[in-house]
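Trainee: just need the structure, nothing else, for what follows:
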Amino acid sequence: MIIIKTENEIKIMQESGRILATVLKEVKKQVKPGITTIELDGAAEALILKHGAKPGFKGYDGFPYSLCASVNEEIVHGLPSGRVLKEGDIIGLDLGVLYKGYYSDMAVSVPVGKVSFSAKRLIQVTKKALKRGIKKAKIGNTLGDIGNTIQRYVDGQGFGIVRDLCGHGIGRDLHEDPKIPNFGKRDSGEKLVEGMVICIEPMLTAGDWRLIKSKDGFGYSTKDGSLSAHFEHTIAITKNGPIVLTEL
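Mentor: Numbering: from 1, shown residues only. Below you'll find the model as predicted:
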């Protein structure tokens with residue numbers, strides 16, 4: 001069931017989203033060769049608590065950390081560890097915040113030092129795919145319109161789109177209905193109505209889109225070992241168009 005939010009609920013979620021965007025901006029600055037992913041997790045959690053919020057992911061479905069840190073071929077839900085980032089890596093930083101009873105969710109992919117042209121292009125195309133998807137998040141459009149727009153753009157750029165994972169609704173629960181695929185047909189799926197709050201999150205690969213589950217039971221990686229990138233925003237559907245709640 002899709003839960004429609006009131007204007008007041010969306011305002012609270014926007015507060016949550018601004019805290020999240022502020023924290024992720026600071027964590028992003030700390031990405032450099034030599035830092036470990038567990039250090040990034042510690043920084044993220046400390047900043048969230050400093051802003052009077054709670055980590056949205058920690059303890060959710062048993063996830064033991066505040067930050068999902070997914071490196072290179074890891075698509076999403078990578079566990080922070082003592083892994084040291086090196087020059088040329090790319091890392092997906094996926095973070096959630098719980099504030100006044102409402103969640104916000106956001107992800108960015110970040111180059112570690114100087115990266116290859118292909119890695120840089122993968123990051124840029126994934127970010128642009130998200131922007132194109134957000135533009136379609138308007139009253140009267142469908143979930144299929146969002147997915148189709150992302151898919152046509154990504155296919156044209158020669159990258160793969162992960163099919164087995166998708167975006168989602170969000171609110172008092174981190175994952176609510178509906179599911180938001182990054183592919184699909186125009187005019188298909190649920191129609192977007194005022195008060196819906198959704199997370200759009202394209203996950204792209206430099207090779208084949210098929211994935212495998214990590215041995216830790218949380219993460220997903222590309223089956224062929226190719227690079228992956230991931231961007232995400234929390235968006236409110238309003239009469240004035242889509243409002244990105246997770247930006248400053």
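Trainee: going forward, measure contacts and count neighbours with C-alpha atoms only.
Mentor: Fine.
Trainee: what ranges do the helices span in the protein?
Mentor: Counting by DSSP state H, the chain has helices at residues 7-29, 37-50, 117-135, 143-157.
Trainee: and the contacts of the last one?
Mentor: The reference is to helix 143-157. 125-126, 129-130, 132-134, 136-137, 160-161, 180-192, 202 (C-alpha atoms under 8 Å, 6 or more residues apart in numbering).
Trainee: swap the cut-off to 10 Å and go again
Mentor: Contacts to helix 143-157, defined as C-alpha atoms under 10 Å, 6 or more residues apart in numbering, come from residues 121-122, 125-126, 128-138, 142, 159-161, 166, 178-192, 200, 202, 204-205.
Trainee: just the shortest one next, same as before
Mentor: Contact partners of helix 37-50, identified using C-alpha under 10 Å, 6+ apart, comprise 19-20, 22-28, 30-31, 53-56, 58, 65-71, 78-85, 91, 93, 95-99.
Trainee: likewise for stretch 204-216?
Mentor: 72-75, 77-79, 118-119, 121-123, 125-127, 129, 154, 158-165, 182, 203, 219-231.
Trainee: still on that earlier bit, so which of the contacts of helix 37-50 sit within strands?
Mentor: 54-55, 67-71, 91, 93, 95-99 (DSSP state E).
Trainee: of these, which pair is most distant in space?
Mentor: Greatest spatial distance among those (C-alpha to C-alpha): V71 and Y99, at 27.8 Å.
Trainee: any idea how far Q157 lies from S118?
Mentor: 12 Å (C-alpha to C-alpha, to the nearest Å).
Trainee: spatially nearest residue to I19 (excluding sequence neighbours)?
Mentor: The shortest distance from I19 to any residue other than its chain neighbours is 6.8 Å, reached at H51 (C-alpha to C-alpha, 6 or more residues apart in numbering).
Trainee: show the contacting residues for the one you found.
Mentor: Contacts of H51 by C-alpha under 10 Å, 6+ apart are S16, I19, L20, T22, V23, Y99.
Trainee: quick check: it vs T205, distance?
Mentor: 34 Å.
Trainee: selecting buried members of the contacts of helix 37-50 in PyMOL, what would you type?
Mentor: Buried subset of the contacts of helix 37-50, written as a PyMOL selection, criterion 16 or more other C-alpha atoms under 10 Å:
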select buried, resi 19+20+22+23+24+27+28+31+53+54+55+56+58+65+66+67+68+69+70+71+78+79+80+85+91+93+95+96+97+98+99
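Trainee: right, and G225 touches E73 too?
Mentor: Yes. Contact criterion C-alpha atoms under 10 Å: G225 and E73 qualify, at 5.4 Å.
Trainee: ok, those two, which is more surrounded?
Mentor: E73 (23 against 16; other C-alpha atoms under 10 Å).
Trainee: that one: what's it in contact with?
Mentor: Contacts of E73 (C-alpha under 10 Å, 6+ apart): 89-91, 205-207, 211, 220-229.
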